[in-house]
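A.B. asks: Build the 3D model from these lines:
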Amino acid sequence: MTHYQLAVLDMAGTTVTDDGLVVEAFTRAIGAVGVEIGSADFERKLAYVHDTMGESKITVFRALLDGDEERAQAANLAFEAAYADLVAQGRCAPIDGAEDAIRALRAAGVKVALTTGFGRPTQDAILAALGWTDLADLTLCPADAGRGRPYPDMVLTAVLRLGVEDLRAVAVVGDTAFDVLTGLRSGASIAAGVLTGAHERAALAAAGATHVLGSIRDLPALLQG
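C.D. replies: Numbering: from 1, shown residues only. Have a look, this model is predicted:
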């Protein structure tokens with residue numbers, strides 16, 4: 001794995017199980033800003049959330065609420081609070097083999113950055129719940145980098161902070177088309193999708209994934225090749 005210097009890995013759906021938590025937190029959040037749960041409007045908004053999995057959550061709420069910044073910020077805060085509550089209830093677990101894969105990458109000299117579309121408080125709550133606070137070399141949320149997915153900012157921030165010499169030595173991995181697009185836009189040589197989260201093989205391939213992996217467990221072997 002000496003060719004690769006950095007692996008930028010998504011969290012929910014890629015290294016951390018989702019198990020419906022995003023949808024549940026979204027349902028609470030959108031109800032908090034006056035959208036009737038179960039209404040046609042709610043169902044349209046829920047479909048949009050599915051389609052944009054992986055994107056920065058505040059960006060999603062801005063789109064859903066027609067650019068109303070006050071309502072978008074309120075919905076985002078409600079979403080973060082709901083997700084943190086679900087994590088606190090113990091409804092957060094690693095993808096099988098994810099921790100071993102991350103440790104294998106680092107042991108082979110590949111730095112690891114964990115990224116998310118959530119805010120920093122939620123990301124920190126997930127890391128603490130899993131005992132992953134010190135697992136990766138770096139953790140990033142959209143606010144740390146400027147913009148979230150599908151922009152390349154988090155990947156490029158990881159490259160700069162971790163002293164990576166060449167973008168071609170970077171692998172970006174996630175479970176959504178937005179993760180793939182982020183990797184492609186950053187110039188990483190690997191922009192891989194995994195089949196443990198939101199999007200299926202066809203969506204990942206259509207986004208231009210360089211590889212589609214069954215799980216993050218397959219990444220160390222890919223980088224060795």
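A.B. asks: residues near residue 181, how many?
C.D. replies: 22 (other CB atoms under 10 Å). Any C-beta I mention is one placed from the backbone N, CA and C, and that applies to glycine too.
A.B. asks: these two touch, right, it and residue 150?
C.D. replies: Yes. Shown here, residue 181 and residue 150 form a contact pair, counting by CB atoms under 8 Å, at 4.1 Å.
A.B. asks: Which phi and psi values does residue 36 adopt?
C.D. replies: phi -70, psi 120 (degrees, to the nearest 10).
A.B. asks: Next, count neighbours for it.
C.D. replies: The burial count for residue 36: 10, using other CB under 10 Å.
A.B. asks: For it, list the residues it contacts.
C.D. replies: Contacts for residue 36 (CB atoms under 8 Å, 6 or more residues apart in numbering) come out as residue 42.
A.B. asks: So it versus residue 43, what's the distance?
C.D. replies: 10 Å (CB to CB, to the nearest Å).
A.B. asks: With only the CA atoms kept, save the longest helix anywhere in the chain in CSV.
C.D. replies: For the chain, the helix reaching the highest residue count under DSSP state H is reported as helix 69-88. C-alpha atoms of helix 69-88 as CSV (Å, rounded to 0.1, in the frame of the first residue of the first chain):
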residue,chain,number,x,y,z
GLU,A,69,-32.3,30.3,6.1
GLU,A,70,-34.0,30.7,9.5
ARG,A,71,-36.2,27.6,9.0
ALA,A,72,-33.2,25.7,7.5
GLN,A,73,-31.0,26.5,10.5
ALA,A,74,-33.8,25.5,12.9
ALA,A,75,-34.4,22.2,11.0
ASN,A,76,-30.7,21.5,11.0
LEU,A,77,-30.4,22.0,14.7
ALA,A,78,-33.4,19.8,15.3
PHE,A,79,-31.8,17.1,13.0
GLU,A,80,-28.5,17.2,14.9
ALA,A,81,-30.3,17.0,18.3
ALA,A,82,-32.4,14.1,17.1
TYR,A,83,-29.5,12.2,15.7
ALA,A,84,-27.4,12.8,18.8
ASP,A,85,-30.3,11.5,20.9
LEU,A,86,-30.5,8.3,18.8
VAL,A,87,-26.7,7.8,19.3
ALA,A,88,-27.0,8.4,23.0
